[in-house]
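Asker: Predicted model and sequence below, questions to follow.
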Amino acid sequence: MRRTVISNEFAKMRHLHSWLLAALLLVVVTAVTVLGGVGNPYFDRATADSWNSLLSTFGGAVPLAAPLLLAIMASRQVDVEHVGGGWLLSATSGVTPGSLCRAKFLALAALVTGATVGSSALVTGTGLLLGVTAPWPAGRWLACTAAVLVVNLVLVALHVMVSARVENQLVGLGVGLLGTILALVASSLPGWLAHLVPWGYYGVAAGAEYVGSELVAATPSLLSIAGLAVVTGLAFGILTHRFDRQEA
């Protein structure tokens, strides 16, 4: 893929205010995590419960904000091609529709990665600034952040394809809204059911969870997340190449 194609997508973002949406994702996730985590009765600066409280709230803040915001970001990035005849214009310059979709994904992935990792880092920094003396659970925290990031990127790929194939962008936004509901109830779904939809994987990415009324450490299911990434990567590659042939 030519570097200029991806550069063009970043240029479009300046006019689409995608940076503001990514910043909103970072701010909302960080604010909800910090306010909810610090206000949790389990938050005790001297024990590991303080980090578990923040991890648990982080696991709830991301599915609250990310599904719909990611749908909006992808929709705006793709809709500009529908409105302005960008598919045909790109094709005349040798950039196929599938290649354009892949470029859009990579450009959006850079923003989403920055917002996801940034919010995780800010929550960690806030915990340290608030005087948490318990050791930072680096392994669980990094695993949870990586797992959440993979789920976010999977949703970006999904919404890029939905927005590209369905010109009515309300469909993609409706999927994002439905995804928000599924993501919020993911932890209460049976394991097999949570694995059937991408939003359900937010539940298996948790680094801390409640067992009854007790807050305990949890290990993100990295094997399940890796499987989701592989399946989505293959599906995205196949669908974008079919997109090329159909539009040829």
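Answerer: Thanks, I have it.
Asker: tell me the helices in this structure, going along the chain?
Answerer: Secondary structure of the chain by DSSP state H: the helices cover 3-16, 18-39, 49-84, 86-92, 97-129, 138-165, 169-184, 191-194, 201-204, 222-247.
Asker: Retrieve the pLDDT associated with the most far-flung residue of the chain relative to its centre.
Answerer: Residue distances from the centre of the chain (Cα atoms, centre = their mean) peak at Thr92, which lies 32.7 Å from the mean C-alpha position. pLDDT recorded at Thr92 is 81.
Asker: measure it to Lys104 for me?
Answerer: In this structure, Thr92 and Lys104 are separated by 18 Å, where distance is defined by Cβ to Cβ, to the nearest Å. Every C-beta, even on glycine, is put in place using the N, C-alpha and C of the backbone.
Asker: my guess is Ala115 meets Val27, correct?
Answerer: No. Contact between Ala115 and Val27 fails when scored by Cβ atoms under 8 Å: they sit 9.0 Å apart.
Asker: which of these two has more neighbours?
Answerer: Set side by side, Ala115 and Val27 give different neighbour counts by other Cβ atoms under 10 Å, the larger being at Ala115 (28 against 15).
Asker: list the contacts for the residue sitting nearest the centre point of the chain?
Answerer: Within the chain, the residue whose C-alpha comes closest to the C-alpha centroid is Asn152; the distance, by Cα atoms, centre = their mean, is 1.8 Å. With contact taken as Cβ atoms under 8 Å, 6 or more residues apart in numbering, Asn152 is in contact with 62, 66, 70, 112, 116.
Asker: Give me the buried entries from those residues.
Answerer: 62, 66, 70, 112, 116 (16 or more other Cβ atoms under 10 Å).
Asker: what's the neighbour count on Gly233?
Answerer: Burial of Gly233 is recorded as 13 neighbouring residues (other Cβ under 10 Å).
Asker: what sits against it?
Answerer: So, once contact is read as Cβ under 8 Å, 6+ apart, Gly233 ends up touching Ala157.
Asker: any idea how far Phe105 is from it?
Answerer: As for Gly233, its distance to Phe105 is 10 Å (criterion: Cβ to Cβ).
Asker: Common neighbours of the two, please.
Answerer: Shared contacts of Gly233 and Phe105 (Cβ under 8 Å, 6+ apart): Ala157.
Asker: So what's the residue count around Gly114?
Answerer: A count of nearby residues for Gly114, using other Cβ under 10 Å, gives 15.
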